[in-house]
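Visitor: predicted structure and sequence below. I'll ask about it afterward.
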Amino acid sequence: MDRETLRCDRQSFLERAGLGIAAGAFALPSIAGIAEAAGVGPPPMAADAKAGLARLMAGNARFVAGHPICPPLTQRRAALAHGQSPYAIVLSCSDSRVPVETVFDEEPGNIFGVRIAGNFLDDNGIGSIEYSVAVLKSTLVVVMGHSECGAVKAAVENVKSGAMPPGHIAGLVRAIEPAARASKGHAGDWLHDAIVQNVRDNVAALPHRSAIVAEAVHGGKLRVVGALYDLASGRVALL
Ligand SMILES: [Zn+2]
């Protein structure tokens, strides 16, 4: 792909997201159609990234203390039937021990969840994040790893011994392997360091891999943060 084609692709992306400048010669479908299809949700529960992060962390503190206040899931069901306005996007692991809404004591409709074993970015995950940023106007992305992550453990094992799991599981290992390799030989625990490195790598990569995210971040409309969930305590720590 040459430089001009790349430039055009980026421009068309931004235009579709309503984030670019005038459409000019690139008469492409507007994001308005997608937004219309998404419906109209209730107002977001947090006005901006700062308020959103504070809300998530307060919810996690309630979860850790064992005093959740999240109302029954049925309460907002009707209000959400015609649209959603999630203030936060959380990219987290598929691990069954990391139930995102529960961890943040949050109701449905507030967190746009993207889950994959090892909580790393792939094209479809980025597409999901872009949808929530451009269409649903989310203002916060949290990339959240967790202690004792099996996917990261497999990547560390791969660096240690070359062992590669079968089937498509190998794809997960290959995606996390750079973080496992980068944290090799550090003073601390290799698995913990690789989990943290994997989160940091994906936080840093997101704006580089997504023009929509980059534009929103640079425009002050979006913040991307890393976090670590501790399975034993239930506590989320920002990285
Ligand atoms: Zn995991």
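Guide: It's in. Residues are numbered from 1 along each chain as shown.

Visitor: show me which residues of this protein are close to the ion?
Guide: Counting by C-beta under 5 Å from the ion, the chain comes close to the ion at 93, 95, 149, 151. From N, CA and C alone the C-beta is placed, and that goes for glycine too.

Visitor: tell me where this protein has helices.
Guide: For the chain, helices defined by DSSP state H occupy the ranges 3-16, 32-38, 49-65, 77-80, 100-103, 123-134, 150-161, 169-182, 190-209, 211-218.

Visitor: returning to what we had before: would TSV of the residues of the chain next to the ion with neighbour count and pLDDT be doable?
Guide: As requested, those are exported to TSV (neighbours: other C-beta atoms under 10 Å; pLDDT from 0 to 100):
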residue	neighbour count	pLDDT
C93	24	98
D95	19	98
C149	28	98
A151	23	98
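
Visitor: distance of the residue positioned nearest the centre of the chain from the ion?
Guide: With distances taken as C-alpha atoms, centre = their mean, L91 lies nearest the centre of the chain, 2.9 Å away. L91 sits 12 Å away from the ion, going by C-beta to the ion, to the nearest Å.

Visitor: test of understanding: give the bridge partners of that residue.
Guide: L91 has the following beta-bridge partners by DSSP bridges: V114, V143.

Visitor: pLDDT wise, what is it at?
Guide: The score at L91 is 99. That number is its pLDDT.

Visitor: run a quick neighbour tally on P99.
Guide: By other C-beta atoms under 10 Å, 12 other residues sit near P99.

Visitor: brain fart, S183
Guide: If you count neighbours by other C-beta under 10 Å, S183 ends up with 23.

Visitor: and it, what is it in contact with?
Guide: Listed by C-beta atoms under 8 Å, 6 or more residues apart in numbering, the contact partners of S183 are 190, 193-194, 196-197.

Visitor: that one and E157, how far apart?
Guide: Distance of S183 to E157, given as C-beta to C-beta, to the nearest Å: 13 Å.

Visitor: now swap in D122 and tell me
Guide: D122 is 21 Å from E157, by C-beta to C-beta.

Visitor: same question, G41
Guide: Taken as C-beta to C-beta, the span from G41 to E157 is 43 Å.

Visitor: and if you look at F63?
Guide: Distance, F63 to E157, using C-beta to C-beta: 31 Å.

Visitor: you'd agree A46 is up against G52?
Guide: Yes - using C-beta atoms under 8 Å, A46 is in contact with G52, at 3.8 Å.

Visitor: more neighbours, the two?
Guide: Between A46 and G52, counted using other C-beta under 10 Å, G52 has the larger neighbour count: 25 against 21.

Visitor: these two touch, right, that one and A88?
Guide: Yes - contact criterion C-beta under 8 Å: G52 and A88 qualify, at 5.0 Å.

Visitor: where do the contact lists of those two overlap?
Guide: Common neighbours of G52 and A88, counting by C-beta under 8 Å, 6+ apart, are 46, 139-140.

Visitor: just send those residues back as CSV, with distance to T102 too.
Guide: Below are the shared contacts of G52 and A88 laid out as CSV (distance: C-beta to C-beta, whole Å):
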residue, distance to T102
A46, 18
T139, 22
L140, 19
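
Visitor: pLDDT value on G125, please?
Guide: G125 is assigned 98 on the pLDDT scale.

Visitor: ok, R115 - contacts?
Guide: So R115 contacts 91-94, 100 (C-beta under 8 Å, 6+ apart).

Visitor: closest one of those to E215?
Guide: Relative to E215, the closest of the contacts of R115 is L91; by C-beta to C-beta it sits at 18.8 Å.
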